[in-house]
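Q: sequence plus the predicted model coming up.
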Amino acid sequence: MTINDIKHPKVKAWVEEVAKMCQPDDVYVCDGSQTEYDRLMKKMVDSGLGIPLKKRPNSVLFRSQPSDVARVENRTYIASKTKEAAGPTNNWIDPAELKKTMTGLYAGCMKGRTMYVIPFSMGPVGSDIAKIGIELTDSEYVVCNMDIMTRVGTKVLDVLGTNGEYVPCLHSVGKPLAKGESDNGQWPCADIDNKYISHFPEERTIWSYGSGYGGNALLGKKCFALRIASVIAKEEGWLAEHMLILKLTSPEGKVKYVTGAFPSACGKTNLAMLIPTIPGWKVETVGDDIAWMKFGKDGRLYAINPEAGFFGVAPGTNEQSNKSAMDSIRKDTIFTNCALTEDGDIWWEQIGYDAPGPLVDWKGNKWVQDKANKAQEPAAHPNARFTAIAKNCPAIAKEWDDPAGVPIDAILFGGRRPSTIPLVHQATSWNHGVFLGSIVGSEITAAALDLKAGTIRRDPFAMLPFCGYNMGEYFQHWINVGKKSTEDKLPKIFFVNWFRKTPEGKFAWPGYGDNSRVLAWIFDRCEGKDNAVKTQIGWMPKADALNLTGLDVSAEIMKDLLSVDVEGWKKEIADVRANHYPKFGDKLPKELMAEMEGLESRLNA
Ligand code: SAT
Ligand code: MN
């Protein structure tokens, strides 16, 4: 399709304006068809950027530049009119200044390339909860990934009509080509000092420059569905959250829907696709990363998964940790920064079997596994990814793309906490649950981001890098959402921790499929079963209320996992009081201070 197929005058004018600035060789409007996907994929394969995988039908491997392998949080900006509106947790630049800088970078940046216009819907096309975006990009890799991760094409333009609302998303890899020049099979991107992932919340606009990777470039995901959507959600009274959505079915065939927020590296995708170890229970996937929740007429919160695919971390994914993910990536998958086998398959660390021979690593070099060498560089980048079609997941719930969404019974918060936080406890009220969300933290596993390994990085609601406005106001928004309904209709809120360690430093809880034991207890809480005792920190499982049949964990460790660590919690509160809450100044809701003080006095009693 061409620019003349756009019937929305504002969109057309914007596309023309951007084309004038970025000066692509041509402009192409995506229709979202399979033919289009195949053609662009072939173009990338022919140019040497993509490597087709003999072992996986319709699947291609890409290798990025070593400087372009993940989201760049220190180059991500919330450019609201005031610094205060961005809050203490976001990078801020004055929007006029940032636009000036970026306009300079965008000038002529698409020379030698095609500019693609991607009309996409976050959520089922035409759903009341869904929203439309239009991404302009000079990357075929982005087009193909967006094709999997969102709903793309003509049908979106039809819904948009001549004056529908949309979020303009501008993206360039920032690597113009001179006449006759080509990428030569190299991943195009700008150097690190010239990458900008920018959000203009008042205008609901996204400008991204210089990176071709994941959340920096697939603008429907974190940029739109979390940062911009969180701003819209606050204005409109709903929630845009970094949460998985799962469907839990009991042996009696009863169903509950659960969302869960966990910082990265806590196994969100694995939980969303879990295979229970307790008989008769079933988990199905509605979403693995993002949930948009709105109130229905009945006063309950309904969630949709705004995405249409999974952008999952590859290393560590295997038949044990996530069989459904392994089944989802047998075909039609884009792999990025995984290692390549001689017979045309992918391989990564902890895939569940040894490298079947010499590999080509994610940097394109020959790699031979040396198990004796503990310091061997990994063959796949630790943030290597698969982009898989949601419909190819055998665990996908039949209602995963129901435009009405699914009614949420429980919300989970969790993090990687070696001590203090028990396996599971339940908040005694919505506000108590908001308090728990606000103090979510995770242990830093590798020294990163100037933080010491072993320290706890607070990541409220797992939204630290994704909240598009002042985090203190975001907490208040959560409190306000609770006032829109009643406790009996609001989801119950739980805090879980799969990552407790024994004094010997081993994981105390097996996790993965055995997390179903905790889910079953949560299910019964939602059914109103008498299976809990009230403690200083909230509701916890009654003795024998957790199904432990067939579990290989000692009684002593179980007791540790399910008791209140009074001294640990006192330290936790001291840390929140001294180091966490003061960041939010007078934006910290008084309700959260009250929850913290209430907990403190119960622990001291
Ligand atoms: O790169 S993404 O933002 O899409 C995934 C992640 O980093 O969580
Ligand atoms: Mn995520």
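A: In hand now; what should we look at? Ligands and ions are numbered 1, 2, ... in the order given.

Q: can you show me the helices along the stretch 501-605 of the chain?
A: Secondary structure of the stretch 501-605 of the chain, counting by DSSP state H, counting those that start in this stretch: helices at 515-526, 555-561, 566-575, 590-604.

Q: cool, the stretch 101-250 of the chain as well?
A: Using DSSP H, counting those that start in this stretch, helices in the stretch 101-250 of the chain cover 140-149, 154-160, 214-217, 229-236.

Q: dump the ones you listed to TSV, plus mean pLDDT, distance to ligand 1 and mean neighbour count.
A: Just so you know, the C-beta spots here come from the backbone N, C-alpha and C atoms, and that holds for glycine as well. Formatted as TSV, the entries for the helices of the stretch 101-250 of the chain read as follows, by pLDDT from 0 to 100; distance: least, Cβ to the nearest ligand atom, whole Å; neighbours: other Cβ atoms under 10 Å:
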stretch	mean pLDDT	distance to ligand 1	mean neighbour count
helix 140-149	98	9	25
helix 154-160	96	21	18
helix 214-217	97	2	24
helix 229-236	98	14	20
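
Q: okay, the nearest residue to L561 once chain neighbours are set aside: pLDDT?
A: For L561, ignoring the flanking residues on the chain, the nearest one in space by Cβ to Cβ, 6 or more residues apart in numbering is L423 at 4.2 Å. In this prediction, L423 carries a pLDDT score of 98.

Q: repeat for I129
A: We note a pLDDT of 88 for I129 in this prediction.

Q: surely it and K294 touch.
A: Yes: I129 lies in contact with K294 (Cβ atoms under 8 Å); the separation is 5.5 Å.

Q: mind listing the shared neighbours of those two?
A: Taking Cβ atoms under 8 Å, 6 or more residues apart in numbering as the contact criterion, the residues that touch both I129 and K294 are Y302, G405.

Q: quick one: average confidence on stretch 267-284?
A: Computed over stretch 267-284, the mean pLDDT rounds to 97.

Q: one step back: closest to R385 out of the helices of the stretch 101-250 of the chain?
A: Relative to R385, the nearest member of these by Cβ to Cβ is helix 214-217, separated by 6.5 Å.

Q: I would like the residues contacting the closest one, please.
A: Contacts for helix 214-217 (Cβ under 8 Å, 6+ apart): 68, 70-72, 137, 139, 141-142, 145, 171, 173, 195, 197, 208, 211, 221-223, 311, 336, 383, 385.

Q: middle-most residue in this protein, spatially?
A: In the chain, the centroid-proximal residue (Cα atoms, centre = their mean) is D289; its distance is 3.9 Å.

Q: for that residue, what are its contacts?
A: D289 is in contact with K221, H242, M243, L244, K268, T269, E307, F310, F311, counting by Cβ under 8 Å, 6+ apart.

Q: grab the nearest non-local neighbour of Q65.
A: With sequence-adjacent residues excluded and distances taken as Cβ to Cβ, 6+ apart, Q65 is closest to W187, at 4.8 Å.

Q: give me every residue that touches that neighbour.
A: In this structure, W187 makes contact with L49, F62, R63, S64, Q65, D68, G212, judged by Cβ under 8 Å, 6+ apart.

Q: now P168
A: The neighbours of P168, taking Cβ under 8 Å, 6+ apart as the test, are W14, G133, I134, L136, T205, I206.

Q: excluding chain neighbours, what is closest to it?
A: Counting by Cβ to Cβ, 6+ apart, P168 lies nearest to T205, which is 5.2 Å off, once chain neighbours are set aside.

Q: N392 now?
A: Here the nearest residue to N392 in space, its sequence neighbours aside, is S328; by Cβ to Cβ, 6+ apart that works out to 4.9 Å.

Q: any idea how far that neighbour is from ligand 1?
A: Here the criterion is Cβ to the nearest ligand atom, to the nearest Å. By it, S328 lies 17 Å from ligand 1.

Q: surely that residue touches K391?
A: No: here S328 does not reach K391: they are 9.1 Å apart, not a contact under Cβ under 8 Å.

Q: those two: who's more crowded?
A: When S328 is set against K391 and neighbours are counted by other Cβ atoms under 10 Å, the residue ahead is S328, at 27 against 12.
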